[in-house]
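# predicted model and sequence follow; I will ask about them next.
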Amino acid sequence: MRSEVGAVTLAMLAMAALGCGDSTGASAEGSGTGSSGTAVTLTAPTSSGSDSDVTPTGGSGEQDGGAIKFDLHVADFGAPDCGAGMGDTDFSFIWIANAAQGTISKIDTVSMLERGRYIVRPDSAGSPSRTSVSLTGDVAVANRNGGLTKVYARHERCAESNATPGLQTAGDANFLAWGEEECIAWYTPMAYASQRPAAWTQGTFNPNACRYDDQKVWTAGMNTPGTVDIIRVDGDTGAIEATVTIGGVKADGYGLYGGAVDKQGNFWGSQLGVGKLVFVDYQTLQFKMWDMVADGYGMTVDSKGYVWTCASAASRFDPMTETWQTVGEAGESGGCMEDGKGTLYKSFPGGIAAIDTETLAIKKNYTLPQHVHGISIDFFGYVWGVSQGTDAYRVNAGDGQFQAFTGLVGAYTYSDMTGFALSNVGTPSG
């Protein structure tokens, strides 16, 4: 029997973040320079508000072995205390790819100021797109032209790597050269014609160290139309741990287009257009496929374990019954994300649509100055819409008021760019 989702404690998360961050900057409007060519060097780690803490979400657990298992659940937003009431997780950033520039931007969701910009492939020609934020706050980004990169969110995690004393890292939109930037955790080259999805797993919470251990990153690549590789990567080292090769998907030039994980850290991937929905079990690496019933573009897993594919329609897949329901004419191709309280936000002509995840009714439309492609939710409950140009918008879902961030370069992100979706699905229950 399906449980009802309890109230999501976004307010508690927000208060925790504000307790360590800048509580006065929530209404500030900021912008990045975007076309910068001069690098900024910070000679020591800073505490200027770009590295504020919030309480980590989740708990401990391990995967069930054996056959494929689907786990629909109540979202668990309980926070480990670690004896001090505050953990080491940082959820105050949204990470947006500047695909045309070969970089990603780290934007403070409270002050709306850019706190760093990073090249994510040695040749700067990766065309980055999907970003995924871990429960430790760090980001992984897939380069569409091949390769996966992790960037540390907090300066104290960055390590000496360029033989220059002090920490050299970007502090705004002025990015450093590859090899000079010291907050790149790792880069794993992958030779794929198309590499789109990126999705962290939760890992296991270590209460003694107050951190999440054994975090992995899923990605997927394609060289031969009709066949995809789904890859699981060690989140600490970037080493490839497992590759699952799957044939029989729709033959196109992309392979899998979107990716997300569920409560157990299992991978879900979907295709562009009407293709296949793919599932890979975290532990056994067994996989299943289903025909999609409507166009896909972005995708997400919600707090009840439903899998959503989003394009002009929004389609909800129930893993328990293996059936679909669809909201027709629900907008434009782009991303989608659920808020943990039964509302799915997705791209819509002229703005963002709010969809009831149970009744599938469109509840409200939010008008923005331009079409937004990417959708994300931050840990203060704001809904973000990311354009495919220079702008991103932070929307108050209560009154529809919004603020704009500008300075992006060919923005292209519609994945879990804040880490909210990963937290929203919960953690393994064992």
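Perfect, I can see it now.

# contact partners for residue 337?
300, 344, 345, 346, 375, 376, 377, 416, 420, 421, 424 (Cβ atoms under 8 Å, 6 or more residues apart in numbering). For the C-beta atoms, the positions are set from N, CA and C on the backbone; glycine is no exception.

# CA-only coordinates of the helix or strand hosting the last one in CSV, if you can.
Think residue 424. For residue 424, the host element (DSSP states H and E) is helix 420-425. What follows is helix 420-425, C-alpha atoms only, in CSV (Å, rounded to 0.1, in the frame of the first residue of the first chain):
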residue,chain,number,x,y,z
PHE,A,420,17.4,18.7,-4.0
ALA,A,421,16.0,15.8,-6.2
LEU,A,422,18.6,13.4,-4.7
SER,A,423,17.6,14.3,-1.2
ASN,A,424,13.9,14.3,-2.1
VAL,A,425,13.9,10.6,-3.1
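
# still on that earlier bit, now a ChimeraX select for only the buried ones of the contacts of residue 337.
The following ChimeraX line selects those of the contacts of residue 337 that are buried, judged by 16 or more other Cβ atoms under 10 Å:
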select :300,344,345,346,375,376,377,416,420,421,424
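
# quick check, nearest of the contacts of residue 337 to residue 133?
residue 416 (6.2 Å; Cβ to Cβ).

# three-state assignment of the closest one?
At residue 416 the chain is in coil, as set by DSSP: H, G, I helix; E, B strand; the rest coil.

# which residues touch the closest residue in space to it that isn't next to it in sequence?
Closest residue to residue 416 apart from its sequence neighbours, by Cβ to Cβ, 6 or more residues apart in numbering: residue 132 at 5.1 Å. For residue 132, the contacting residues are 139, 140, 141, 198, 199, 200, 217, 415, 416, 417, 419, 422, by Cβ under 8 Å, 6+ apart.

# looking at those, spot the one nearest residue 127.
Nearest member of the contacts of residue 132 to residue 127, counting by Cβ to Cβ, is residue 141, at 10.6 Å.

# circling back: which one of the contacts of residue 132 is nearest residue 291?
Checking these one by one against residue 291 (Cβ to Cβ), the nearest turns out to be residue 199, at 21.8 Å.

# mind listing the strands the helix or strand the closest one falls within pairs with, and their directions?
Using DSSP H and E, residue 199 falls within strand 194-200. Strand 194-200 has the following strand partners under DSSP bridges: strand 216-222 (antiparallel).

# who touches the helix or strand just after the strand it pairs with?
The helix or strand immediately downstream of strand 216-222 is strand 227-234, counting by DSSP H and E. Strand 227-234 is contacted by residues 140, 148, 188, 190, 192, 216-222, 239-247, 249, 255-256, 267, 269, 278, 280, 282, 287 when judged by Cβ under 8 Å, 6+ apart.

# could you dump the contacts of residue 337 to JSON lines with distance to residue 332 and pLDDT?
As requested, the contacts of residue 337 are arranged in JSON lines below (distance: Cβ to Cβ, whole Å; pLDDT from 0 to 100):
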{"residue": "300", "distance to residue 332": "16", "pLDDT": "98"}
{"residue": "344", "distance to residue 332": "15", "pLDDT": "97"}
{"residue": "345", "distance to residue 332": "13", "pLDDT": "97"}
{"residue": "346", "distance to residue 332": "9", "pLDDT": "95"}
{"residue": "375", "distance to residue 332": "11", "pLDDT": "96"}
{"residue": "376", "distance to residue 332": "16", "pLDDT": "97"}
{"residue": "377", "distance to residue 332": "19", "pLDDT": "97"}
{"residue": "416", "distance to residue 332": "20", "pLDDT": "97"}
{"residue": "420", "distance to residue 332": "22", "pLDDT": "96"}
{"residue": "421", "distance to residue 332": "20", "pLDDT": "97"}
{"residue": "424", "distance to residue 332": "23", "pLDDT": "96"}
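
# could you list the low-pLDDT ranges of the stretch 251-400 of the chain?
Within the stretch 251-400 of the chain, the ranges that satisfy pLDDT under 70 run 330.

# try 50
Scanning the stretch 251-400 of the chain for pLDDT under 50 picks out nothing.

# got the contact list for residue 368?
With Cβ under 8 Å, 6+ apart, residue 368 has these contacts: 350, 351, 352, 385, 393, 395, 402.

# 7 Å instead, please
350, 351, 352, 385, 393, 402 (Cβ atoms under 7 Å, 6 or more residues apart in numbering).

# give me the beta-bridge partners of the last one?
Residue 402 has these beta-bridge partners by DSSP bridges: residue 395.

# quick one: name whatever helix or strand follows the strand holding residue 199.
Using DSSP H and E, the next helix or strand after strand 194-200 towards the C-terminus is strand 204-206.

# counting contacts, what elements does that next one pack onto?
Judged by 3 or more Cβ pairs under 7 Å, 6 or more residues apart in numbering; DSSP states H and E, strand 204-206 is in contact with strand 211-213.

# about what we covered before: give me the pLDDT for the residue nearest to residue 416.
Residue 132 is assigned a predicted lDDT (pLDDT) of 98.

# what about it, which helix or strand?
Going by DSSP H and E, residue 132 is part of strand 128-133.

# also compute the angle for that strand relative to strand 194-200, please.
10 degrees (axes from the mean of the first three to the mean of the last three Cα atoms, to 10 degrees).

# tell me the buried residues in the strand holding residue 199?
Neighbour-count burial for strand 194-200 [16+ other Cβ under 10 Å]: 194, 195, 196, 197, 198, 199, 200.
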